[in-house]
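[1] after the sequence you'll find the predicted model.
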Amino acid sequence: MPIHYGNLIFIYSSNTQPLPIPDTQPSRSFIKSLVIDDWHNLSRLYDMNLKAFLPLLLICLWLPLGCGKPAADLPQEIGLSIQPATAEQVLSAIENAEGNAVLVNIWATWCQPCVEEFPDIMKLYQKYQDRGLRIIFVSADFENQTEAAKDFLKKQGVDFATYQKSGKDMAFINTLDERWSGALPATWVFDGNGNKRHFWEGKKDHAHFEKAILDVLGQ
Amino acid sequence: MNKKLKLSIIALTLAMGIGFTMSNSVEAGGALDLNAKAPKAEVKMKGVDGAWHTLKDVAGEKGTLVLFSCNACPWVKKWEDRMSSIGNTYQTKGVGVIMINANDPNKVAEDGYDEMVARAKAKAFGFPYVVDATSEVARAFGATRTPEAFLFDAKGKLIYHGAIDDNASDAKAVDVPYLKNALNALIAGESIPKAQTKALGCSIKFRSEDS
C-alpha cells in the first residue's frame, strides 16, 4: 500500500490486516507508528530477500523524524515538546505545518479561559487531524513555569511539538498580528497556503472552533 | 479584449480574492482611539474605601490615569508593586489615578470585594481601587486585558494606551518604562514618546451584559 509523504512513496508490505489509506497527507506521528510499530513486517521483508528495500525503509524512517522539511530555526521533535520561540519562529512553524488548516492557540497554565477551552481544541484535533488539521500551541507561561506547562500539555494528550513565547511582548504580539491586543487566549486559523482566515481573542466554545476549522477545511 | 485590460481584470480579481480572505473573520476588542475622551465618566464605582468614585471626580489638574486591573491575574501580580508605586507617585504630581476591577467575581473568586480591600491594603494603594459592577466602564473603554493603562491629559484626551513597561517578569530588567515615560512627558508638557504599546495579559472576565 503506498503512503505518500513529500515526494516519496513508502511501499508498505504486509500480509496482515491492510491499513487504511489516509485521505490526506499523514502526520509524522502516524508514519512513525507505521514504521516503528511494525518491526515484524520489516523482518518479514528482510526474510523475503527484500534487502533492497531496506535503504528505502530507512530513508522513510529518517524523513518523518525531522529531516524532511524542518521549520526554519526550530528543531523538529517527535512527541510532546515545548520549545522557546519568537513570533518569527512561530510564523515559520505555521508555514511548515503542512496542513490544510493550521490552528494557532496562545495559552497559559494560569489563564483559566485558556485551560477551559483546551480540551475542545484537542477533541477537534483528534476529529480532523486526518483531514489535515494541524495545531500549534504557544504557551505564554513565564520561564519558571515551563514544567507546569509541559505537565498540563501531557495531561491533555498533546503528543507533538509546542512552543513557549520568548522575547519582548510587544514585538511578539505585533509580529503575529497587529489586531491582537495581547489578551489571552488568542486563536488564529490559517489555511494551507498560510493565509489568516480567522482570528479571535478570549475563550470560545467547541462549536465556534469547529465552525472556523470547517470553514477552512471545507465541509 | 486587449492585453492590458485582461491583466487589469486578473489583478482586480486577485485583489478582491485576497481582500475577501483577509476579512473573513476577525474578533478583537476595539479600544479607545488616541485623543478620545474617557467614556462613562460619571458612572459611580464603589471603592475599597467604601466610598463611591467616578472618573470625573478623580480627574487631576494635569491628567488622569485609569488602570484596568484585578487581583487574580499573574501578570497583574508581576506588575502590582510598580503600579502601586506609579499611582502613588504621580497622584502627588497632579495626575488623578484610579484602578478599576471589571472582573466578575462569580468567575474569579479572588476578585471579590473583600479580596480587593485586602489587596489594596497589602500593596498600599493610595488611590481608589474600585469595582466596575457591570463591567460597563471596561466595555466602553474597549479594555480587553489586565493590566491595561489609559492616560488622559488635562483636557481629557487619551494620550497613552497600553502596558506598564516592557518587562513584566523583572522590574530590574525593564528597558522602556512606557507608562512612566508617558506620565513624565505629560507633566513636562512634551509629546508622548510611545503613545500605544502592548503586552500580554489576562483577558477581562466581563460580567454578563444583563447583570
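    Arrived safely. These numbers were taken from a predicted model, which means no experiment stands behind them. Numbers count the residues shown, from 1 in each chain, chains lettered A, B, ... in the order given.

[2] count of residues packed around residue B:43?
    Using other CB atoms under 10 Å in any protein chain shown as the criterion, residue B:43 is surrounded by 18 other residues. C-betas here are computed from N, CA, C, even on glycine.

[3] wait, isn't it in contact with residue B:53?
    No - under the criterion of CB atoms under 8 Å, residue B:43 is not in contact with residue B:53, lying 9.6 Å apart.

[4] ramachandran coordinates for residue B:85?
    For residue B:85, the backbone dihedrals are phi -60, psi -40 (criterion: degrees, to the nearest 10).

[5] so for it, what's the pLDDT?
    Predicted confidence (pLDDT) at residue B:85: the value is 98.

[6] how far away is it from residue B:149?
    Applying CB to CB, to the nearest Å, one obtains 14 Å for the distance of residue B:85 from residue B:149.

[7] again with residue A:97
    Note on residue A:97: its distance to residue B:149, by CB to CB, is 36 Å.

[8] so between these two, which is more surrounded?
    residue B:149 (25 against 21).

[9] SS state for that one?
    Each residue gets one of three states, and residue B:149 gets strand by DSSP: H, G, I helix; E, B strand; the rest coil.

[10] distance check, residue B:67 against residue B:206.
    Applying CB to CB, one obtains 17 Å for the distance of residue B:67 from residue B:206.

[11] again, but for residue A:98
    Using CB to CB, we find residue A:98 at a distance of 38 Å from residue B:206.

[12] again, but for residue A:110
    In this structure, residue A:110 and residue B:206 are separated by 19 Å, where distance is defined by CB to CB.

[13] again with residue A:217
    With the distance defined as CB to CB, residue A:217 ends up 31 Å from residue B:206.

[14] residue A:191 too?
    From residue A:191 to residue B:206 the distance is 31 Å (CB to CB).

[15] same check on residue A:104?
    Distance, residue A:104 to residue B:206, by CB to CB: 24 Å.

[16] which one of the two is surrounded by more residues?
    Residue environment comparison for residue A:104 versus residue B:206 gives the larger neighbour count to residue A:104, 24 against 20, counting by other CB under 10 Å.

[17] for that one, what are phi and psi?
    According to degrees, to the nearest 10, the main-chain angles of residue A:104 amount to phi -110, psi 130.

[18] residue B:81 now?
    phi -60, psi -40.

[19] could you find the closest non-adjacent residue to it?
    residue B:123 (6.9 Å; CB to CB, 6 or more residues apart in numbering or on different chains).

[20] doesn't residue B:80 make contact with the one you found?
    Yes - using CB under 8 Å, residue B:123 is in contact with residue B:80, at 5.6 Å.

[21] ranges for the strands of chain B?
    Remark: strands assigned in chain B by DSSP state E are B:26-27, B:45-47, B:52-53, B:63-69, B:95-101, B:129-131, B:145-146, B:148-153, B:158-162, B:201-203.

[22] which stretch among the ones you listed comes nearest residue A:151?
    Smallest distance to residue A:151 across these (CB to CB): 20.7 Å, for strand B:201-203.

[23] elements contacting that closest one?
    Judged by 3 or more CB pairs under 8 Å, 6 or more residues apart in numbering or on different chains; DSSP states H and E, the packing partners of strand B:201-203 are strand A:183-184, helix B:74-91, strand B:145-146.

[24] and residue B:177, which of these is closest to it?
    Evaluated with CB to CB, the helices and strands packed on strand B:201-203 place helix B:74-91 nearest to residue B:177, the distance being 8.4 Å.

[25] quick check: angle from the closest one to strand B:63-69?
    What separates the directions of helix B:74-91 and strand B:63-69 is an angle of 160 degrees, with axes from the mean of the first three to the mean of the last three CA atoms, to 10 degrees.

[26] quick one: helix B:74-91 to chain centroid distance?
    The chain centre lies 13 Å from the centre of helix B:74-91; the measure is CA atoms, centre = their mean, to the nearest Å.
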